[in-house]
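A.B. asks: Below are the sequence and a predicted model for it; my questions follow.
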Amino acid sequence: MSAAPSPTKRIAVIPGDGVGKEVIAEAVRVLKAATAVSGRALELTELDWGADRFLRDGTTLPEGGEQMLRDKFDAVLLGAMGDPRVPSNKHAADILLGLRFKLDLYVNARPVELLDAKLTPLRDRTPRDVNFMVFRENTEGLYVGVGGIFKKGTHDEIALQEDVNTRKGVERIIRHAFEYARHNKLTRVCMSDKSNALNFAHDLWQRVFADIRKEYAEIESRHLYIDALAMEVVRDPSQFQVIVTCNLFGDIISDLGAQLAGGMGMAPSGNIHPGKISIFEPVHGSAPNIAGKNLANPIASVLAAAMMLEHIGWPQEAASLRGAVRASVAAHQTTHDVGGHLGTREAGQWMADWVTKSGITHT
Ligand SMILES: NC(=O)c1ccc[n+]([C@@H]2O[C@H](COP(=O)([O-])OP(=O)(O)OC[C@H]3O[C@@H](n4cnc5c(N)ncnc54)[C@H](O)[C@@H]3O)[C@@H](O)[C@H]2O)c1
């Protein structure tokens with residue numbers, strides 16, 4: 001008797017703005033190649049949320065959009081938001097931050113993985129030295145938009161931006177980092193904050209960290225202030241396996257990490273609520289300076305799609321996408337930013353062809 005076919009997975013694809021449209025088209029091309037080979041059904045539905053729609057009819061995140069995603073889809077693959085024609089960035093804030101908050105996507109997972117020594121600006125470093133995961137708290141901190149401006153535009157102007165940290169929020173992201181380490185048989189977790197200066201907000205991080213680390217005695221856990229962490233990540237990245245930190249510091253340290261692994265064109269991310277609908281996207285933005293020129297590197301988006309496949313429980317297809325990325329880097333069949341000579345479309349096609357030729361190993 002043959003096994004029952006696995007159910008169709010439904011993916012919302014939001015290309016967004018600028019290079020988002022170009023790189024997501026290539027990620028979709030590689031995804032389709034993988035499912036064509038594996039024979040599993042992936043239903044992709046494109047949503048036009050982004051600057052064009054906003055400029056056309058004023059819509060940012062459509063009314064009930066987040067509930068529609070919950071009801072109809074298993075995951076979301078997103079490109080980037082940001083367009084010079086919308087200087088306020090309103091649509092991007094409503095869609096990106098709106099979805100992160102409304103879907104309660106409290107984990108921002110940003111893996112930093114050097115695939116080839118030639119891609120790092122660090123001297124004498126190899127893939128073995130640069131391989132860690134950054135978990136950024138994704139629903140609180142300085143990004144909640146609580147604050148205000150008083151006497152705007154005058155010499156007496158006051159601007160306040162509140163840093164919101166809840167025990168629940170801090171606890172769940174720190175616990176997630178330890179659980180990820182345990183699940184993946186990793187032995188080191190580093191929590192980073194600025195508790196020497198932010199003596200209320202990050203005092204909470206200190207106390208929660210002290211409590212939770214006791215439950216993971218087999219894991220070597222340490223704390224570094226964020227300034228020390230930035231220095232150490234550059235000096236010796238090999239000491240890190242899992243880093244967990246607040247929203248703002250995670251944003252910055254993961255961009256630093258992206259650069260150590262070849263730049264923005266190589267860095268994927270997931271906005272995750274474990275067990276619930278989650279959003280996967282490249283770390284980079286809409287890159288207006290190269291948009292529409294077939295120059296953007298699609299690898300970050302292909303790796304984001306691989307993270308998405310893992311999240312929906314398709315590890316073989318995920319491995320296939322990762323294999324295609326590794327092979328393209330090894331064969332120099334990449335875009336210019338990482339030393340190749342291909343355009344966005346050609347790099348995507350090369351990876352899709354690799355997937356088709358290599359097949360998928362079912363375990
Ligand atoms: N998650 C998101 O959607 C997101 C993230 C960051 C920035 N943004 C938005 O994107 C717009 C541009 O922001 P920015 O210029 O600060 O950041 P960016 O990430 O768009 O670009 C930074 C630099 O990286 C390069 N780059 C980005 N993606 C690349 C790729 N795939 N291949 C090769 N090079 C790539 C760009 O050319 C640029 O030099 C802004 O509107 C910003 O708000 C959106």
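C.D. replies: Noted; the coordinates are in hand.

A.B. asks: how about the residue of the stretch 251-363 of the chain found nearest the ligand, what does it touch?
C.D. replies: Closest to the ligand within the stretch 251-363 of the chain is Gly285: 2.3 Å, counting by C-beta to the nearest ligand atom. All C-beta atoms are positioned from the backbone trio N, CA, C, and that covers glycine. With contact set as C-beta atoms under 8 Å, 6 or more residues apart in numbering, Gly285 has these partners: Gly18, Ala80, Met81, Gly82.

A.B. asks: hey, where'd the strands end up in the protein?
C.D. replies: 9-16, 42-46, 75-80, 107-113, 131-137, 147-150, 158-161, 188-193, 220-225, 242-245, 268-272, 279-282 (DSSP state E).

A.B. asks: Quick check: which of the ones you listed is buried the most?
C.D. replies: Of the strands of the chain, the one with the most neighbours on average (mean count of other C-beta atoms under 10 Å) is strand 279-282, at a mean of 28.

A.B. asks: in its sheet, what does that strand sit against?
C.D. replies: strand 75-80 (parallel), strand 268-272 (antiparallel) (DSSP bridges).

A.B. asks: Check whether the shortest one comes near the ligand.
C.D. replies: In this case it means strand 268-272. No. Strand 268-272 lies apart from the ligand when judged by C-beta under 6 Å from any ligand atom; the minimum separation is 8.1 Å.

A.B. asks: and what of the longest one?
C.D. replies: Yes. Judged by C-beta under 6 Å from any ligand atom, strand 75-80 and the ligand are in contact via Ala80.

A.B. asks: Quick one: name the residues of the stretch 151-300 of the chain near the ligand.
C.D. replies: By C-beta under 6 Å from any ligand atom, the residues of the stretch 151-300 of the chain that approach the ligand are 264-265, 281, 284-290, 296-297, 300.

A.B. asks: Make TSV out of the strands of the chain and add distance to Ala36.
C.D. replies: Shown next, in TSV, are the strands of the chain (distance: least, C-beta to C-beta, whole Å):
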stretch	distance to Ala36
strand 9-16	15
strand 42-46	10
strand 75-80	17
strand 107-113	26
strand 131-137	30
strand 147-150	49
strand 158-161	48
strand 188-193	39
strand 220-225	44
strand 242-245	35
strand 268-272	22
strand 279-282	20
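
A.B. asks: And Glu137, what's its pLDDT?
C.D. replies: On the pLDDT scale, Glu137 is placed at 98.

A.B. asks: Please apply the same query to the one 4 residues further on.
C.D. replies: Gly141 is assigned 97 on the pLDDT scale.

A.B. asks: which residue sits closest to it, ignoring its sequence neighbours?
C.D. replies: Nearest residue to Gly141 in three dimensions, chain neighbours excluded: Asn247, at 3.3 Å (C-beta to C-beta, 6 or more residues apart in numbering).

A.B. asks: And that neighbour, how far from Ala347?
C.D. replies: Taking C-beta to C-beta, to the nearest Å as the criterion, Asn247 is separated from Ala347 by 32 Å.

A.B. asks: Among those two, which residue is more densely surrounded?
C.D. replies: Comparing Asn247 with Ala347 by other C-beta atoms under 10 Å, the one with more neighbours is Ala347, at 29 against 23.

A.B. asks: tell me the contacts of that one?
C.D. replies: Glu26, Asn297, Pro298, Ile299, Ser328, Gln333, Thr334, Thr335, Gly340.

A.B. asks: same deal with Glu26?
C.D. replies: Applying C-beta under 8 Å, 6+ apart, the residues contacting Glu26 are Pro298, Ser301, Val302, Thr344, Arg345, Ala347, Gly348, Gln349, Met351.

A.B. asks: Burial check on the closest residue to Ala36 other than its chain neighbours, number of neighbours?
C.D. replies: In this structure, Ala36 finds its nearest non-sequential neighbour in Thr356, 7.1 Å apart by C-beta to C-beta, 6+ apart. By other C-beta under 10 Å, 16 other residues sit near Thr356.

A.B. asks: Same question for Arg85.
C.D. replies: Arg85 has 10 neighbours, counted by other C-beta under 10 Å.

A.B. asks: my guess is it meets Asp52, correct?
C.D. replies: No. Arg85 is beyond contact range of Asp52, at 9.1 Å (criterion: C-beta atoms under 8 Å).

A.B. asks: for the nearest residue to Leu103 once chain neighbours are set aside, what are its contacts?
C.D. replies: Among residues not flanking Leu103 along the chain, Glu66 sits closest, at 5.5 Å (C-beta to C-beta, 6+ apart). By C-beta under 8 Å, 6+ apart, Glu66 lies in contact with Gly98, Leu99, Lys102, Leu103.

A.B. asks: what's the closest of these to the ligand?
C.D. replies: Looking across these and measuring by C-beta to the nearest ligand atom, the closest to the ligand is Leu99, at 10.8 Å.

A.B. asks: Report the contact partners of the closest one.
C.D. replies: Leu61, Gly65, Glu66, Leu69, Val76, Leu105, Asn271, Ile279 are the contacts of Leu99 under C-beta under 8 Å, 6+ apart.

A.B. asks: quick revisit: quick one: the residues of the stretch 151-300 of the chain next to the ligand as JSON lines, columns for distance to His223 too.
C.D. replies: Listed next are those as JSON lines, based on distance: C-beta to C-beta, whole Å:
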{"residue": "Met264", "distance to His223": "29"}
{"residue": "Gly265", "distance to His223": "32"}
{"residue": "Glu281", "distance to His223": "29"}
{"residue": "His284", "distance to His223": "30"}
{"residue": "Gly285", "distance to His223": "31"}
{"residue": "Ser286", "distance to His223": "35"}
{"residue": "Ala287", "distance to His223": "35"}
{"residue": "Pro288", "distance to His223": "39"}
{"residue": "Asn289", "distance to His223": "38"}
{"residue": "Ile290", "distance to His223": "39"}
{"residue": "Ala296", "distance to His223": "37"}
{"residue": "Asn297", "distance to His223": "35"}
{"residue": "Ala300", "distance to His223": "30"}
